[in-house]
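J.: Next one to model:
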Amino acid sequence: MKLLILGGTEFVGRALTEAALGRGWQVTLFHRGRHEPPAGAAVLRGDRTAPDGLTALADGSWDAVIDTWSAAPAAVHAAARALAGRARGYAYISSRSVYAYPSPAGLPEDGPLMAGASPVAEQVDYAIDKRGGELAAEGAFGDRALLVRAGLILGPWENVGRLPWWLGRIARGGPVPAPGPRDNPLQYIDVRDLAEWTLDAVRDGLGGPYNLVGPPGHTTMEELLDACVRATGADAELRWTDPATILGAGIEPWTDLPIWLPPGELHDTLYGADVSKALATGLRCRPVADTVADTWTWLTSIGGQAPQRPDRPPLGLSPEMEARVLAG
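T.: Numbering: from 1, shown residues only. Below is the predicted model of the structure:
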């Protein structure tokens, strides 16, 4: 396979690049040059937000294109139109955020979608932008557009700060607020499992939308945090705390305590996707212990400080908030 990845140097893009190179595919990356590409990939430089930013893509043809863009749909629109006659398929790494909120647990791919999206819009809002990106890909490639609607993504190279925050906090040891309930189910995808499924899908010529996340209840909050304790080998004591106590202390789910959502509407929306379509096409999900251990190995290999996307706020509980909830 001749593969063009728009991006390809950070988190999801890097996992895709590493996996494709591991298959012996011929991989070309189009990116701005801010990060070192994986060895073995050909590189084309350009800034798709700049005038004439796609000049480096004027020539060449590929079996498939994978686009990891997460901002203005207009950038997807321009790239997809420029490549429509020179690639068999176009995979756009989208998000389950494209569904209208709230969405019930068990929602399949034909559920209601965000209104107001445009394929040529400038940056507006993450969910609307992702839906606009889908429309842009479909507008250029039709049923050859693969819409990879990912949920929570974890694993090595994470640059958002969710699992790295938990690993870093637990590695420091001592009492750690653990938000309950212990059996609170989580639904996520290891970035490497996302990459392997996406590569299989473009190889096989799949098109249309796919919810791409592990099965509901693939793990629980307790299993995740216990795996963090084991991976770090830390002398940490998980202090399991009722959701009402956590919320009563003014702690924000998802941001102050990454990954965690209390039972309720938002939890059902984010952690209850129907993924039967992806499972039927070969999605395989590794155990949470492997995701956690491999992320810790990667994190320690780079000095313990994970990279942080400049367009995302830092996550995690402040020491003051932690002391408050532990004292409560």
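
J.: Grab the nearest non-local neighbour of residue 204.
T.: Distances taken as Cβ to Cβ, 6 or more residues apart in numbering put residue 281 closest to residue 204, at 7.9 Å, once the chain neighbours are dropped. Placement of C-beta: from N, CA and C, glycine included.

J.: now do residue 133
T.: In space, residue 133 is closest to residue 76, 4.2 Å off (Cβ to Cβ, 6+ apart).

J.: Doesn't that neighbour belong to a strand?
T.: No. Using DSSP: H, G, I helix; E, B strand; the rest coil, the assignment for residue 76 is helix, not a strand.

J.: shouldn't the residue nearest to residue 204 be in contact with residue 207?
T.: No. Between residue 281 and residue 207 there is no contact under Cβ atoms under 8 Å: 11.5 Å.

J.: okay, those two: which has more neighbours?
T.: residue 207 (19 against 13; other Cβ atoms under 10 Å).

J.: neighbours of residue 130, just the number please.
T.: Residue 130 has 26 nearby residues by other Cβ under 10 Å.

J.: which residues touch the residue nearest to residue 133?
T.: 67, 69, 92, 119, 132-133, 136-137 (Cβ atoms under 8 Å, 6 or more residues apart in numbering).

J.: Just the residues you listed: which are in helices?
T.: Residues of the contacts of residue 76 located in helices (DSSP state H): 132-133, 136-137.

J.: of those residues, buried ones?
T.: 132-133, 136-137 (16 or more other Cβ atoms under 10 Å).

J.: Tell me the one of these nearest residue 322?
T.: Nearest to residue 322 among those is residue 133, at 37.2 Å by Cβ to Cβ.

J.: my guess is the closest one meets residue 74, correct?
T.: No. Contact criterion Cβ under 8 Å: residue 133 and residue 74 do not qualify, at 9.4 Å.

J.: Are there residues contacting both of those two? Which ones?
T.: In contact with both residue 133 and residue 74: residue 119, using Cβ under 8 Å, 6+ apart.

J.: Domain-wise, how is this protein divided?
T.: The chain breaks down by automatic domain parsing into domains covering 2-150, 158-186+218-271+288-327.

J.: Please identify the deepest-packed of those domains.
T.: Ranked by mean neighbour count under mean count of other Cβ atoms under 10 Å, those are led by domain 2-150, which reaches a mean of 19.

J.: Show me how far that domain is from its chain's centre.
T.: 13 Å (Cα atoms, centre = their mean, to the nearest Å).

J.: What is the end-to-end distance of that domain?
T.: End-to-end span of domain 2-150 (Cα to Cα, to the nearest Å): 24 Å.

J.: what about that domain, average pLDDT?
T.: The pLDDT scores in domain 2-150 average 97.

J.: In stretch 202-210, which residues are buried?
T.: For stretch 202-210, a neighbour-count test (16+ other Cβ under 10 Å) marks 202-203, 206-207, 209-210 as buried.

J.: Which members of these are the farthest-apart pair?
T.: Greatest spacing in these, by Cβ to Cβ: 203 and 209 (18.4 Å).

J.: what pLDDT does the residue nearest to residue 204 get?
T.: 98.

J.: swap in residue 327?
T.: On pLDDT, residue 327 comes in at 88.
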